[in-house]
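Compute the structure for the input listed below.
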Amino acid sequence: MWIYLILPIMTGVSIVLQGGLNRASADQMGLLSAVLLNALVFLVLATTLWALARFGILSLPEQMGAGSFRSLQLWQLWPGLFGFLIVLLVPWSIMHLGAGLTFSLVIATQLIVSILWDSLRGHGLPGTGMWIGIALVLAGAILILRSSNVTN
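Numbers count the residues shown, from 1 in each chain. Got it, this is the predicted structure:
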């Protein structure tokens, strides 16, 4: 169970480092070139991992498997679009707002959308503790926004 707690922590670190490093890359080569480089690295790594799993070289749990694309549906392309937007918009936002304000707004937005997602997926509404936590995160994002140079 503890490994599953490490996954979102690793994800959070990766998102901040990716956004910050892409922002630095954008200073040298332009944001769109940094996004393309990101996509190429992602394509190579994803294709390698998929091939290793598909040909039985790497054993993974079934839900992480490398299944066929025969029954591909249009809605399954949306995550790729959202991933592209993340890679493009996070460093762009960091350029103009800084990492602290960018990620406080990202986290607050993620909490709101995740509550909607869970509710629509039949997980019910969050309990009192979750609402208090969300209110604190939103209050923190508002304080960071109000103290930034963006609103001054």
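
Can you mark which positions in the longest helix along the chain are buried?
In the chain, assigned by DSSP state H, the helix with the most residues is helix 2-29. By neighbour count on 16 or more other C-beta atoms under 10 Å, the buried set for helix 2-29 is 16, 19-20, 22-23, 25-26. Glycine gets a C-beta too; all of them are placed from N, C-alpha and C.

With respect to residue 86, which of those is nearest?
Minimum distance to residue 86 across those is 8.4 Å, recorded for residue 19 (C-beta to C-beta).

Sketch out the low-pLDDT regions of this protein for me.
Low-confidence regions of the chain, defined by pLDDT under 70, span residues 151-152.

In it, what residue spans correspond to helices?
Under the criterion DSSP H, helices of the chain are mapped to 2-29, 31-54, 78-97, 99-120, 128-147.

Reformat those helices into JSON lines and put distance to residue 63 next to each item.
Formatted as JSON lines, the entries for the helices of the chain read as follows, by distance: least, C-beta to C-beta, whole Å:
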{"stretch": "helix 2-29", "distance to residue 63": "13"}
{"stretch": "helix 31-54", "distance to residue 63": "12"}
{"stretch": "helix 78-97", "distance to residue 63": "15"}
{"stretch": "helix 99-120", "distance to residue 63": "18"}
{"stretch": "helix 128-147", "distance to residue 63": "26"}
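
can you give me how far the longest helix of the chain is from the chain middle?
Distance of helix 2-29 from the chain centroid (C-alpha atoms, centre = their mean, to the nearest Å) equals 9 Å.

What of stretch 112-131?
19 Å.

do the same with stretch 26-41
Taking the mean C-alpha point of stretch 26-41 and that of its whole chain, the gap between them comes to 17 Å (C-alpha atoms, centre = their mean).

shift numbering so it begins at 12
Got it, first residue is 12 now, which makes that one stretch 37-52.
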